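Peer 1: Fold the following.
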Amino acid sequence: MKRSVALVLAFLLAGAAVHFLSWRAATLAATRGNEMQQGGTREPLNVGYETQQESAPMRIKIDQQGVPTSQQHFLSENPHQPKSHLPLTLMRFGWPALPFYQACPDGDGVLCSGLLSGPTPRKMADQPEAETREVLTSFLLDIAMSGGKSCCGDGCLYLDIGCNVGFFASIAASYGARVECYEPAPFFVEAMRETVRINGWNVPQSRCGEPPLPLVQVFHNAIVHTEENMQERLVFHGAAYMAGIGQRAGKALKTWKIPKRSIRQLLESRSVKLLKIDIDSFEGGLLHTAVMMLENRTTKIETMVVELGSTNFEHPRGGDVLDLWKLQQQLGYDIYRVNVHVNQEIWNWRGVDLNPSKSSPQEGYTPMFGVRFMRKLEYLEPHADGRRAVWAKLFASPSPYVNRGWSFLITRVRLAERAGHNKMDTRKIQSFPDLNADFPSPDKLDDNLGRGATSVSH
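Peer 2: The predicted structure follows:
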């Protein structure tokens, strides 16, 4: 009898122990789940994505909410995270750009990480401009969509003159474009070369049976618009410090000399998909040389984005305002003004314009919204009149607050698309307007043959 009672008690105790352990395990699991939802301890995930060379996948360690697990510029003990002698930060500019590691000049890691990366930067920077990123996405995304098969040779070439620390060049590389980065500041060159190494963009790869080349090449040169005194080195006493990055290194270095390289040498007998010129100096002079080469058919350029704003409306930044006339009237390009430094729409995260004191629309420009990935462009309407005074008026600053710095998008790609809407929404509206009134003519030159331009008065 006593033995039977003992067996029953033992059985009950064992069952209670099993229930207790099951309950405890469930409680721990629930607690852990709540911690993860409330921002507590998280298990890191090793999320990999392929860089543009297939043989070298990069592993980025992020947590459940997509936040990097290391806040010390990603120099942790994790073997999957790259190690560098320079501070690194993870750049995520949002869809459709792929994330990539960006190296910054020594001593600027906190600045890079705080200003330019992460889902909630501690301080927002006005540079690199979102509008320029929109241009890159609009003209380079097709390379990524095709896996690099949409073009061969120079057909995927992105030239970045004034590369700075390399944000735009890195975005272009993340889309699969072949990138050539030209920068005079040695500390920016060092940072960009480290960026290339960290992301594996220095691995030679072949396309279309051509000799293998690295995806990104970085050159320490000052690009000039003439070929005079090329043996002399240019002296620099500073650089353009985007969002303050590199300023510490620039002040420490004070002065440096670097070799020149002419833009003619860069463009000769080449086909360029996208050319960006932003050196805060003689961009107009560089554009002028490029226009002459286009006239002589010694180069092909599909699209250019050039910072050209200047208080000298007739000869902006060492160039000639009539270069815009030649591009539009003779060489088959459309010209747009980008929505930077023009005192127009300033959107919040919902796409609502918050600028209560916009400038009046400038005569000669047609605003366009939602063009490819670009939220706002101003289309420079065709003007056959080739007088310099006429084009100087068109070029003049549209903003009472900023008298220089605005950029132009110059492209042979037809951006305007015919509009349409479901008739169920429009049939009850009397006198419904033509959605394609004044639609630009569809003709577009396939080569730099000219349109038979009128004479030019100087």
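
Peer 1: dump the residue contacts of Glu381.
Peer 2: By C-beta atoms under 8 Å, 6 or more residues apart in numbering, the contact list for Glu381 reads 364-366. Where C-beta positions appear, they are placed from N, C-alpha and C, glycine not excepted.

Peer 1: Quick check on it: phi, psi?
Peer 2: With angles defined as degrees, to the nearest 10, Glu381 sits at phi -60, psi 150.

Peer 1: hang on, the earlier thing: any quick ChimeraX command for the buried ones out of the contacts of Glu381?
Peer 2: Buried residues within the contacts of Glu381, by 16 or more other C-beta atoms under 10 Å, are selected in ChimeraX with:
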select :364,365
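
Peer 1: Would you format the contacts of Glu381 as a markdown table with distance to Gln205 included?
Peer 2: Below are the contacts of Glu381 laid out as a markdown table (distance: C-beta to C-beta, whole Å):
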| residue | distance to Gln205 |
| --- | --- |
| Gly364 | 45 |
| Tyr365 | 42 |
| Thr366 | 42 |
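
Peer 1: Tell me which of the contacts of Glu381 fall in strands.
Peer 2: 365-366 (DSSP state E).

Peer 1: and of the contacts of Glu381, the nearest to Ile198?
Peer 2: Closest to Ile198 out of these is Tyr365 (41.9 Å), distances taken as C-beta to C-beta.

Peer 1: In which helix or strand does Tyr158 reside?
Peer 2: Under the criterion of DSSP states H and E, Tyr158 resides in strand 157-161.

Peer 1: Tell me which residues are up against that strand.
Peer 2: Strand 157-161 is contacted by residues 136, 140, 166, 168-169, 172, 177-182, 223, 263, 266-267, 270-279, 286 when judged by C-beta under 8 Å, 6+ apart.

Peer 1: Which stretches in the stretch 151-300 of the chain count as helices?
Peer 2: Here the stretch 151-300 of the chain has its helices, by DSSP state H, counting those that start in this stretch, at 167-174, 186-199, 247-253, 263-267, 283-295.

Peer 1: Return the member of those helices having the minimum mean pLDDT.
Peer 2: Lowest mean pLDDT within these: helix 247-253, at a mean of 87.

Peer 1: Check which residues of that one are buried.
Peer 2: Residues of helix 247-253 classed as buried: 247-250, 253 (neighbour count, 16+ other C-beta under 10 Å).

Peer 1: helices and strands around it, which ones?
Peer 2: Applying 3 or more C-beta pairs under 8 Å, 6 or more residues apart in numbering; DSSP states H and E, one finds that helix 247-253 contacts helix 186-199.

Peer 1: Run the chain-centre distance for the helix it packs on.
Peer 2: Going by C-alpha atoms, centre = their mean, to the nearest Å, the spacing between the C-alpha centre of helix 186-199 and its chain's C-alpha centre is 17 Å.

Peer 1: Could I get the CA-only coordinates of that helix as CSV?
Peer 2: In CSV, the C-alpha atoms belonging to helix 186-199 read as follows (Å, rounded to 0.1, in the frame of the first residue of the first chain):
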residue,chain,number,x,y,z
PRO,A,186,44.7,63.2,-51.1
PHE,A,187,42.7,62.4,-48.0
PHE,A,188,39.6,61.9,-50.1
VAL,A,189,41.5,59.8,-52.6
GLU,A,190,42.8,57.6,-49.7
ALA,A,191,39.2,57.2,-48.3
MET,A,192,37.7,56.3,-51.7
ARG,A,193,40.4,53.8,-52.5
GLU,A,194,39.7,52.1,-49.1
THR,A,195,36.0,52.2,-49.9
VAL,A,196,36.8,50.4,-53.2
ARG,A,197,38.9,47.8,-51.4
ILE,A,198,36.4,47.1,-48.6
ASN,A,199,33.5,46.6,-51.1
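
Peer 1: any residues touching it, and which ones?
Peer 2: By C-beta under 8 Å, 6+ apart, the list of residues contacting helix 186-199 reads 51, 58, 82, 84-86, 88, 100-106, 163-166, 169-170, 173, 181, 183, 201-202, 214, 216, 218, 220, 239, 246, 249-250, 253, 256, 258.

Peer 1: what does stretch 205-222 give?
Peer 2: Under the contact criterion C-beta under 8 Å, 6+ apart, stretch 205-222 has outside partners 52-53, 148-149, 151-153, 156, 163, 166, 169-170, 173, 176, 178-184, 186, 189, 192-193, 196, 201-204, 234, 236, 258-261.

Peer 1: What subset of these is buried?
Peer 2: Using 16+ other C-beta under 10 Å as the burial test, the contacts of stretch 205-222 include 52-53, 148, 151, 156, 163, 166, 169-170, 173, 176, 178-184, 186, 189, 192-193, 196, 201-203, 236, 258, 260-261 as buried.

Peer 1: Among those residues, which lie within strands?
Peer 2: Among the buried ones among the contacts of stretch 205-222, the members falling in strands (DSSP E) are 178-182, 236, 258, 260-261.

Peer 1: In the buried residues of helix 247-253, find the pair that's most separated.
Peer 2: So, these by C-beta to C-beta: farthest apart are Gln247 and Leu253, at 10.9 Å.

Peer 1: mind checking the backbone torsions on the residue most central in space within the chain?
Peer 2: In the chain, the residue lying closest to the centroid (C-alpha atoms, centre = their mean) is Arg133, at 3.2 Å. Backbone torsions of Arg133, given as degrees, to the nearest 10, read phi -60, psi -40.

Peer 1: Quick check: it touching Ile171?
Peer 2: Yes. At 6.2 Å, Arg133 counts as touching Ile171 under the criterion of C-beta atoms under 8 Å.

Peer 1: how many other residues sit next to Leu141?
Peer 2: 17 (other C-beta atoms under 10 Å).

Peer 1: I'd like the contacts of Glu381 as JSON lines, with pLDDT and distance to Met374 appended.
Peer 2: Below are those laid out as JSON lines (pLDDT from 0 to 100; distance: C-beta to C-beta, whole Å):
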{"residue": "Gly364", "pLDDT": "93", "distance to Met374": "20"}
{"residue": "Tyr365", "pLDDT": "94", "distance to Met374": "15"}
{"residue": "Thr366", "pLDDT": "93", "distance to Met374": "14"}
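
Peer 1: Give me the pLDDT value at Met145.
Peer 2: Per-residue pLDDT puts Met145 at 81.

Peer 1: Count the residues that sit near it.
Peer 2: Residue neighbour count, defined by other C-beta under 10 Å, stands at 13 for Met145.

Peer 1: With Leu157 as the reference, measure out to it.
Peer 2: For Met145, the distance to Leu157 (C-beta to C-beta, to the nearest Å) stands at 18 Å.

Peer 1: swap in Glu283?
Peer 2: 19 Å.

Peer 1: So for these two, which residue has more residues nearby?
Peer 2: The residue with more neighbours, out of Glu283 and Leu157, is Glu283; 25 against 20, by other C-beta under 10 Å.

Peer 1: how about that one, what does it touch?
Peer 2: Contacts of Glu283 by C-beta under 8 Å, 6+ apart are 277, 306-308, 316-319.

Peer 1: now the helices of the stretch 151-300 of the chain in JSON lines, with distance to Asp434?
Peer 2: Listed next are those as JSON lines, based on distance: least, C-beta to C-beta, whole Å:
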{"stretch": "helix 167-174", "distance to Asp434": "38"}
{"stretch": "helix 186-199", "distance to Asp434": "49"}
{"stretch": "helix 247-253", "distance to Asp434": "53"}
{"stretch": "helix 263-267", "distance to Asp434": "42"}
{"stretch": "helix 283-295", "distance to Asp434": "35"}
